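*Asks:* how does the following fold in three dimensions:
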Amino acid sequence: MTGIFSEHKGTIVFDLDGTLVDSVPDLAGSLDCLMIEMGLEVIGVSATRKLIGHGIPNLVRGAFALRAVEWEDEQGKRAIKRFTELYSRRLSQETRAYPGVEQTLAFLAGDGWRLAVCTNKMELYAKSILRDLGLAHFFPVIAGPDTFGVGKPDPRHLLETARQAGGGGLIMFVGDSEVDIATAKAAGVPVIALSYGYAKTPLAALLPDALIDRFADVPEAVSGIAKAHAS
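*Replies:* Now for the predicted structure:
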């Protein structure tokens, strides 16, 4: 890891869920526990996957909608609080990094890129997961919606994350969803989309700067975008 933050070419900011890690099993398990406590039918992994991307409040709200439960603010606040308690106990119980993530991050850092994380998961949870999976040391900045008081798709979340990581040079965003592409486009930042994540619509239609199927392909996509911006 010698020289990991030297001779910077720019900053690559990554989404977390569906990009670096598959967190669906732990989110689904926590959501199902909440549903059971409320006397409702469980949501399951497949349906939970489709609800991810906009943070915990929207995840719980989406689960309520699937079970035709009318959203009432007080009940909703209690449900969000309880889900948070349940999830905090199993953040990385079944959550795992996708294939090639650690090796690829090491390559990018060694190649002179600053690395950071911009996620709609709360900062404490994101840091805990990345630490548990042995990935936190790659990222001097891990920013959730609570870090700067804004969350994706607000472009300030991405831009402030990059600024805190050191700024200067080219900024790129790597994500897996409609939210990530919208955030990057609003920020005026090139975006690399990963096809294996939690997107709800075909990402090609959203015109990312690159669309790839494996995390190991990120460096090639980064190189292509960097060359295009340098010409």
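*Asks:* show me what the lengthiest helix in the chain is packed up against.
*Replies:* Using DSSP state H to define each element, the chain has its longest helix at helix 73-88. Helix 73-88 is packed against helix 24-37, helix 56-66, with contacts defined by 3 or more CB pairs under 8 Å, 6 or more residues apart in numbering; DSSP states H and E. From N, CA and C alone the C-beta is placed, and that goes for glycine too.
*Asks:* in the chain, mark out all the strands, start to finish.
*Replies:* Remark: strands assigned in the chain by DSSP state E are 10-14, 21-22, 96-97, 113-118, 141-143, 170-175, 191-194, 210-212.
*Asks:* next, the angle strand 170-175 makes with the fourth one.
*Replies:* Strand 113-118 and strand 170-175 are oriented at 50 degrees to each other (axes from the mean of the first three to the mean of the last three CA atoms, to 10 degrees).
*Asks:* so what strands line up beside strand 113-118?
*Replies:* Sheet pairing of strand 113-118 (DSSP bridges) gives strand 10-14 (parallel), strand 141-143 (parallel).
*Asks:* reformat the ones you listed as CSV; add distance to residue 226, mean neighbour count and mean pLDDT.
*Replies:* Listed next are the strands paired with strand 113-118 as CSV, based on distance: least, CB to CB, whole Å; neighbours: other CB atoms under 10 Å; pLDDT from 0 to 100:
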stretch, distance to residue 226, mean neighbour count, mean pLDDT
strand 10-14, 7, 26, 97
strand 141-143, 20, 24, 98
